[in-house]
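Trainee: no sequence for this one, just the structure:
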């Protein structure tokens, strides 16, 4: 399966010219819609269903909420955006046209990426930078880096390319004449509202189990060569268990570091044996990372060189194994509300009263291995702090580089009155999209089924304090899959880590990182604090904080800027 597309809306003569250009420059693109004002092309293997009259097309997978069946064609007429997300779910972008007006709706899971740019007289949509460049050259927008650096992991509609905007999951963009109208057909707060909350822990577990077992197997579509990226942690294990329960055919692959902290092969083997599936094991190669390697053209700085090396190892394996779809447990910590703060106890106190607040404090103390009084003091301190719209980070930035306010994210509007834990839950879900890669040429589709709309909606209805019941993180998810996974997996309190791999790569390549940051394009923008970077990099001992990862990410931003010169 692939999930890559290019679309254009506008006058027929301009569409014809683009079509001729693509036929010459991109002969492998397959045209799946040729309407009077809308044309759509896909990479072969990308599913798409059109309306009978050619006025709409959905790129990706769409399922009927009532029956669970996958749509083979769009309904006639196509429902309005807010009705569409109520009746259907999946991994899709819906493109519609009405006369000279047009619009695009992206499903809440973000399973199919979607970007927009205006190339007079056409509006261009695409899933990734490589296809977007077919409509014209891409130029970096250095101003974007100020926001990217100040508010880490906040993926808004901003991109690092001039004139290109991302359509945020759950939003719809419509162009009526020359006016853009952005709406939010799917809003997380409709499901996280107090009147939607599940009251009983057991009911939450039953609802979540049903949602996961319903959604995860369906997202495989027609794939006959699905591979689960199985870490052995709770989240990817739940994905594997859901597929096994549905009788879907799949294999698994796991990645291990050469150090014990990132080697979870024992857990992965246990899950694979339980599910009755084959497991391939990949081990980190002891090769020095090349932080100066120029990545392929992208709309934002890509993951750092260490993560790109891991991704390349996994991609090579999937290609050699003949896989046609990869799925993983990405987003599990986020949707399953794995918060590290005391906010759930404050939510319980506010919504359920002193007895529930005390019980949540006891759960919090057990979760973090501390005393009830220490948990209470942490909750008291947190209650006196102002709610943060998004965490800021000015490490290694110049005095005037950090932005005073974040860009708008449609999920994070008007949140001053919501419960703290619920806000942190929604923020966490919004934040995971920063770490999800756009599709790339030659690679199979990667889906993250724990972000599927039915799963999102179920998780948002579960109050934050239920997620720490019994002093366990993601407690509702653990209970939901009791009997479907080995008890040892459900009882795990540790997680695999890439810290040793990161630390080894950093310590061995500090000189290269210093050269990139102090002599490169990013340095010329005036955003960086040269003295702070130099002092940190020249420490002889290993860092005792996580700011070295910030420097590795800054090196990625530098090589991203250089990619536009190729």
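Mentor: Here it is on my side, so go on. Keep in mind it's a predicted model, so treat the numbers as computed, not measured. Numbers count the residues shown, from 1 in each chain.

Trainee: which one is residue 530 nearest to, not counting chain neighbours?
Mentor: Once flanking residues are discounted, residue 530 sits nearest to residue 518: 5.7 Å by CB to CB, 6 or more residues apart in numbering. (Each C-beta comes from the backbone N, C-alpha and C, glycine too.)

Trainee: Next, count neighbours for the one you found.
Mentor: Applying other CB atoms under 10 Å, we find 14 other residues in the vicinity of residue 518.

Trainee: Is the closest residue to residue 3 other than its chain neighbours bridged to anything, and to what?
Mentor: Nearest non-adjacent residue to residue 3, counting by CB to CB, 6+ apart: residue 445, 4.4 Å away. For residue 445, the beta-bridge partners are residue 325 (DSSP bridges).

Trainee: give the contact list for residue 445.
Mentor: Applying CB atoms under 8 Å, 6 or more residues apart in numbering, we find residue 445 in contact with 1-3, 324-326, 439.

Trainee: please redo it, this time with the cut-off set to 10 Å
Mentor: By CB atoms under 10 Å, 6 or more residues apart in numbering, the contact set of residue 445 is 1-4, 43, 45-47, 60-61, 91, 111-112, 221, 223, 323-327, 439.

Trainee: any idea how far residue 229 is from it?
Mentor: Distance, residue 445 to residue 229, by CB to CB, to the nearest Å: 13 Å.

Trainee: Between these two, which contacts overlap?
Mentor: Taking CB under 10 Å, 6+ apart as the criterion, residue 445 and residue 229 both touch 326-327.

Trainee: what about the residue lying closest to residue 110 once chain neighbours are set aside, which SS state?
Mentor: Leaving out its chain neighbours, the residue that sits closest to residue 110 by CB to CB, 6+ apart is residue 169, at 3.7 Å. Following DSSP: H, G, I helix; E, B strand; the rest coil, we place residue 169 in the coil state.

Trainee: burial count for residue 169?
Mentor: Residues lying near residue 169 (other CB under 10 Å) number 25.

Trainee: can you tell me which helix or strand the nearest residue to residue 163 once chain neighbours are set aside belongs to?
Mentor: Excluding the flanking residues, the one nearest residue 163 by CB to CB, 6+ apart is residue 117, at 5.1 Å. Assigned by DSSP states H and E, residue 117 belongs to strand 115-119.

Trainee: Other residues contacting the host helix or strand of residue 350?
Mentor: In this assignment (DSSP H and E), residue 350 forms part of helix 343-352. Applying CB under 10 Å, 6+ apart, the contact partners of helix 343-352 are 194, 197, 199, 337, 354-365, 367, 375-376, 378-380, 382-383, 387, 418-425, 463-469.

Trainee: Restricted to buried residues, select these in ChimeraX.
Mentor: Only the buried entries of those go into this ChimeraX selection, using 16 or more other CB atoms under 10 Å:
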select :197,337,356,357,360,361,362,363,364,365,367,375,376,378,379,418,419,420,421,422,423,424,425,463,464,465,466,467,468,469
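
Trainee: State whether residue 480 and residue 245 are indeed in contact, as I suppose.
Mentor: No - counting by CB atoms under 10 Å, residue 245 is not a contact partner of residue 480; they are 11.9 Å apart.

Trainee: okay, and the common contacts of those two?
Mentor: Shared contacts of residue 480 and residue 245 (CB under 10 Å, 6+ apart): 209, 212-213.

Trainee: right, and residue 59 touches residue 32 too?
Mentor: Yes - the pair residue 59 / residue 32 is scored as a contact, 8.1 Å apart, by CB under 10 Å.

Trainee: returning to what we had before: let's see the pLDDT reported for the residue nearest to residue 110.
Mentor: For residue 169, the model assigns a pLDDT of 98.

Trainee: quick one, what contacts residue 447?
Mentor: For residue 447, the contacting residues are 1, 3, 60-61, 91, 109, 111-112, 216, 219-221, 223, 226, 239, 325-328, 330, by CB under 10 Å, 6+ apart.

Trainee: go with 6 Å
Mentor: Applying CB atoms under 6 Å, 6 or more residues apart in numbering to residue 447 gives the contacts 91, 111, 219, 327.

Trainee: Just list the residues touching the last one, thanks.
Mentor: In this structure, residue 327 makes contact with 228, 447, 449, judged by CB under 6 Å, 6+ apart.

Trainee: hmm, 7 Å instead?
Mentor: Neighbour list for residue 327: 219, 226, 228, 239, 447, 449 [criterion: CB atoms under 7 Å, 6 or more residues apart in numbering].

Trainee: Now flag whichever of the residues you listed is closest to residue 493.
Mentor: residue 239 (20.1 Å; CB to CB).

Trainee: follow-up on the earlier one: list the buried residues of the helix holding residue 350.
Mentor: Going by neighbour count (16+ other CB under 10 Å), the buried part of helix 343-352 is 343-349, 351.

Trainee: tally of neighbours for residue 147?
Mentor: Neighbours of residue 147 using other CB under 10 Å come to 17.

Trainee: Please list the outside residues in contact with the helix or strand where it lies.
Mentor: Using DSSP H and E, the secondary-structure element containing residue 147 is helix 142-150. Residues outside helix 142-150 that contact it (CB under 7 Å, 6+ apart) are 158-160, 300-301, 392-394, 397, 401-403, 407, 525, 527, 557.
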